[in-house]
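> predicted model, plus sequence, below.
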Amino acid sequence: AQKVTQAQTEISVVEKEDVTLDCVYETRDTTYYLFWYKQPPSGELVFLIRRNSFDEQNEISGRYSWNFQKSTSSFNFTITASQVVDSAVYFCALSESSTFNNDMRFGAGTRLTVKP
Amino acid sequence: DTEVTQTPKHLVMGMTNKKSLKCEQHMGHRAMYWYKQKAKKPPELMFVYSYEKLSINESVPSRFSPECPNSSLLNLHLHALQPEDSALYLCASSQEGGGGETQYFGPGTRLLVL
């Protein structure tokens, strides 16, 4: 059974601080995909990144970076120099390639508040 | 601009009403999804359509009835809802519905059942 744990329920930082959101997953599949989504107060889930289980390279996109470590089953997300617009709920999700119907399992989410 | 649109943005309905939520995607995807999201919870999958055929129905009560008229459109018909059905309803789409595909979400419909 697949499972995603986001232990941090809420994080509050001051603008320009760096912040890391943790994600730990469980799966028995060897081929799987990990995702991060951002959900601002407006409600829409915004896709941020997709990473497959065979690609452990870290990725950087502007102020965002992701650290994928299979050894610890973690896929952490770091925002550098946070801004007020980064305030949102962030979801980590897992989808196994063996899942015919693309059943994506979400973590509970981490609410990030960036104060000016 | 989001390529998955949902209407209406907000809906208030009584327990005896019949209403429909609509979703449209403009990405040429062949799989579409309905999720329900309660406050401070992650989205929960309700239905999946792949190539216009229902492939998942996650034990959702019959007062929710999905419909996929074509690969670009997805409806959710609502009838005799309960107050606990109040939630954000999200639509998503992906390429074909296979495991691991990225799902792209619409802005959601906020439903309040009185």
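Alright, I've got the coordinates.
> report the contact partners of the residue nearest to A:Ala7 when sequence neighbours are not counted.
Of all residues not flanking A:Ala7 in the chain, A:Asp22 sits nearest, at 6.0 Å (Cβ to Cβ, 6 or more residues apart in numbering or on different chains). The way it works is simple: take the backbone N, C-alpha and C, and place the C-beta from them, glycine included. Contacts for A:Asp22 (Cβ atoms under 8 Å, 6 or more residues apart in numbering or on different chains) come out as A:6-8, A:74, A:76, A:110.
> what does B:Gly99 show for phi and psi?
Main-chain torsions, B:Gly99, degrees, to the nearest 10: phi -60, psi 130.
> mind checking which of the contacts of A:Asp22 are buried?
When neighbours are counted using 16 or more other Cβ atoms under 10 Å in any protein chain shown, the contacts of A:Asp22 contain these buried positions: A:6, A:8, A:74, A:76, A:110.
> identify the bridge partners of A:Leu94.
Judged by DSSP bridges, the bridge partners of A:Leu94 are A:Leu34, A:Arg105.
> also B:Glu24?
On DSSP bridges, the residues paired with B:Glu24 through beta bridges are B:Thr5, B:Leu73.
> and for the helix or strand bottoming out on mean pLDDT in chain B, what's in contact with it?
Using mean pLDDT, DSSP states H and E, the weakest-scoring helix or strand in chain B turns out to be strand B:53-57, at a mean of 82. Contacts with strand B:53-57, where a contact means Cβ under 8 Å, 6+ apart, come from A:100-101, A:103, B:45-49, B:66, B:68, B:97.
> in contact with A:Ser61, which residues?
Contacts of A:Ser61 (Cβ under 8 Å, 6+ apart): A:Ile49.
> let's go with 7 Å and repeat that
By Cβ atoms under 7 Å, 6 or more residues apart in numbering or on different chains, no residues touch A:Ser61.
> is it bridged to anything, and to what?
Counting by DSSP bridges, A:Ser61 is bridged to A:Tyr64.
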